[in-house]
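**Q** I need the structure of the sequence given here:
(one chain, ligands or ions: 2)
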Amino acid sequence: MNGAEFLIKTAVRAGIEVGFANPGTTEIPLVLAFESEPDIKAILCLFEGVCTGAADGYGRMLDKPALTLLHLGPGLANGIANLHNARRGKAPLLNLIGEQATWHRAADAPLTMDIQRLASTASGWYKTSESPLSLSRNLAEAFVASKYGQIATLIVPHDLQRADCTGGEIITSQFSFEPVNTNSIDKAAQLLRTHHKTGMILGGRALREQGLEKAARIKAITGCELITDHLPPYMERGIGLPDVTRIPYFPEAAIDLLSRYEAIVLVGTVEPVAFFGYDGFSSFLLEKDQKRIEISNEKQDVVEALGYLVEVLNANSSLKIPDNILSKPGRPEVPEGLLTPENICLVLAALQPENAIIVDEGITTSGTYYPLSAGLPRHSYLTTAGGSIGFGLPCALGAAVACPQRPVINIQADGSAMYTIQALWTAAREGLNITILICANKSYNILKAELYRAGIDSIGREVSSLVDLVRPDINWVKIAEGMGVPAIAVNEVDGLVKEFRKALSEPGPHLIEMAVSISK
Ligand SMILES: Cc1ncc(C[n+]2csc(CCOP(=O)(O)OP(=O)(O)O)c2C)c(N)n1
Ligand SMILES: [Mg+2]
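**A** Ligands and ions are numbered 1, 2, ... in the order given. Got it, this is the predicted structure:
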């Protein structure tokens, strides 16, 4: 057994099943080690931002890490934008990164870089392995760190991967959350009891079914509103779950919503802030006199903390949750006419199947979808979390690998899609059930919205050249077909409905280019 096999065996022992890989020479022993372990599968992605985004989607779906396998500092650098989203989304994720042989580092060979420094920007845990026999312990530690909902990065020099580790003990990872802090939960209960207008902002694992069920009980007994961040990383949604209000993007609307509450309980998230610093607005969305409390920290189990809050408030299972708190079935009708953003959202909500996974990087096209989805059949809903675009396609890929039996639908803005378009090739190669709805508005439309907001209502040629995706137009059908994904373009609702139904009924990936019609 060499060091690479020692690592991969430890990963398998921890229950890791997948690695999203883009290897190079320094990772060759790891590539070979994947082959020797039938219980873990390596999936090739043609850009590291696809590896990291896919591992993010996978981690969000299953609440356990996938590996990435990245080549030295440059490979990691290419993957960082989507690692940033994963970090913001608190996804468990484990990067394995090859490094020059220990004895070769001093030579400062062309691909040499300060990998650890780069890793530190997104990783909650990072280490460079120092001896062959510590490899298994290093990986087990990385696994445990990732399970808290953070990125763990293990950097492994090439000579350690090749070193003889025969007889080395394969460490079993022991993960457990730290005990919850009953003191802060008691205080939260006190706030919810004593104030009339209260809200709970839910994040992380609180947005999964178990957390939402507890949150519904707390709402039933205290009347608090259930709120989530503007970009929730992962939530379960639909019939029988409580609806959760998203904090709007622009600070005016966000403050308008949040100013209604005297006290806010933060559940698996931190105090909300404005997306950008706009003149005249504070960074923070809560006023000083609004009371707030966090009921858990990142090392604690937020669902357990909610469970304790339920008990303290006497909202446990003997309490019947009133009907109006849980979403009743409600689907919009299929509309007719042009592919306006509103109509596209209606079609998606009207047709998405039971148990769908919705990956939303639709930016200005998907804005009206969320409010339509509370009464749809149960589904999972994923958004960027970190605001770094190029998240949607890789995330959909990872989600489909994690849950191959579930239909994945990616509502995907065109500009953002181009950052990580290589994900299509892997989706085709792996035969994944992903339907990609490309919102071809042929622009970085949100930047135009920001320009209008800043009072600029006519766009000159130079600015247009930076925000319009024309001259030439992007041909999505050819791009998709060129990577093995069947594709079609549609111009109005009828065509979308027909093609969307067809794509959902056939196995494997499909791309539908939607000519979005936007009113100026
Ligand atoms: C990595 C990264 N680069 C650039 C940006 C800045 N940015 C935010 S939105 C956007 C354009 C979005 O255009 P598109 O994806 O087509 O969505 P639309 O606004 O047209 O709906 C850009 C360039 C970003 N957020 N992240
Ligand atoms: Mg666009």
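**Q** for whatever residue of the stretch 1-150 of the chain ends up closest to ligand 1, what are its contacts?
**A** Ranked by CB to the nearest ligand atom, the top residue of the stretch 1-150 of the chain for proximity to ligand 1 is A81, at 4.8 Å. For the C-beta atoms, the positions are set from N, CA and C on the backbone; glycine is no exception. Neighbouring residues of A81 by CB atoms under 8 Å, 6 or more residues apart in numbering: 49, 52, 388, 390, 419.
**Q** ok, which of the residues you listed also contact ligand 1?
**A** Under the cut-off given by CB under 6 Å from any ligand atom, ligand 1 has 388, 390 from the contacts of A81 close to it.
**Q** just flag the most distant two among the contacts of A81.
**A** Across the contacts of A81, the longest distance by CB to CB is 12.1 Å; it joins T52 and Y419.
**Q** of these two, which one has the most company?
**A** Shown here are T52 and Y419; by other CB atoms under 10 Å, T52 has more neighbours (36 against 22).
**Q** which other helices and strands does whichever strand or helix holds that one contact?
**A** Per DSSP states H and E, T52 falls inside helix 48-62. Contacts defined by 3 or more CB pairs under 8 Å, 6 or more residues apart in numbering; DSSP states H and E place helix 48-62 against strand 18-22, strand 67-71, helix 72-88, strand 93-99, strand 379-383, helix 392-402, helix 423-430.
**Q** JSON lines for the ones you listed, including mean pLDDT?
**A** Shown next, in JSON lines, are those (pLDDT from 0 to 100):
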{"stretch": "strand 18-22", "mean pLDDT": "98"}
{"stretch": "strand 67-71", "mean pLDDT": "98"}
{"stretch": "helix 72-88", "mean pLDDT": "98"}
{"stretch": "strand 93-99", "mean pLDDT": "98"}
{"stretch": "strand 379-383", "mean pLDDT": "98"}
{"stretch": "helix 392-402", "mean pLDDT": "99"}
{"stretch": "helix 423-430", "mean pLDDT": "98"}
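**Q** E430 contacts A42, doesn't it?
**A** No: between E430 and A42 there is no contact under CB atoms under 8 Å: 11.5 Å.
**Q** and the nearest residue to A215 once chain neighbours are set aside, how many residues sit next to it?
**A** Leaving out its chain neighbours, the residue that sits closest to A215 by CB to CB, 6 or more residues apart in numbering is L226, at 5.4 Å. Neighbourhood size, L226 [other CB under 10 Å]: 22.
**Q** same question for the one 4 residues further on.
**A** Per other CB under 10 Å, the neighbour tally for H230 reads 19.
**Q** return the residues in contact with it.
**A** Contacts of H230 by CB under 8 Å, 6+ apart are 246-249, 254, 272, 275.
**Q** so what touches stretch 319-332?
**A** Outside stretch 319-332, the residues that touch it by CB under 8 Å, 6+ apart are 216-217, 219-221, 238-243, 346, 349-350, 372, 374-377.
**Q** check which residues of that stretch are buried.
**A** Using 16 or more other CB atoms under 10 Å as the test for burial, stretch 319-332 gives 321, 326-327, 331.
**Q** what does stretch 507-514 give?
**A** Result for stretch 507-514 [16+ other CB under 10 Å]: buried residues 508-514.
**Q** any part of that stretch near ligand 2?
**A** No: using CB under 5 Å from the ion, stretch 507-514 never reaches ligand 2; the gap is at least 11.0 Å.
**Q** contacts only, for the spatially closest residue to I264 that is not a sequence neighbour.
**A** Using CB to CB, 6+ apart and skipping residues adjacent in sequence, the residue nearest I264 is R292, 4.6 Å away. Going by CB under 8 Å, 6+ apart, R292 touches 263-266, 271, 286.
**Q** just among these, which is most surrounded?
**A** Most neighbours among the contacts of R292, by other CB under 10 Å: V265, with 29 neighbours.
**Q** quickly list what that residue is bridged to.
**A** Listed beta-bridge partners, V265: M200, I293 (assigned using DSSP bridges).
**Q** that older thread, look up how far ligand 1 lies from the residue nearest to I264.
**A** Using CB to the nearest ligand atom, to the nearest Å, we find R292 at a distance of 28 Å from ligand 1.
**Q** Y369 now?
**A** From Y369 to ligand 1 the distance is 13 Å (CB to the nearest ligand atom).
**Q** element containing the residue lying closest to that residue once chain neighbours are set aside?
**A** Sequence neighbours aside, C345 is the residue nearest to Y369 in space, at 3.9 Å (criterion: CB to CB, 6+ apart). Using DSSP H and E, C345 falls within helix 341-351.
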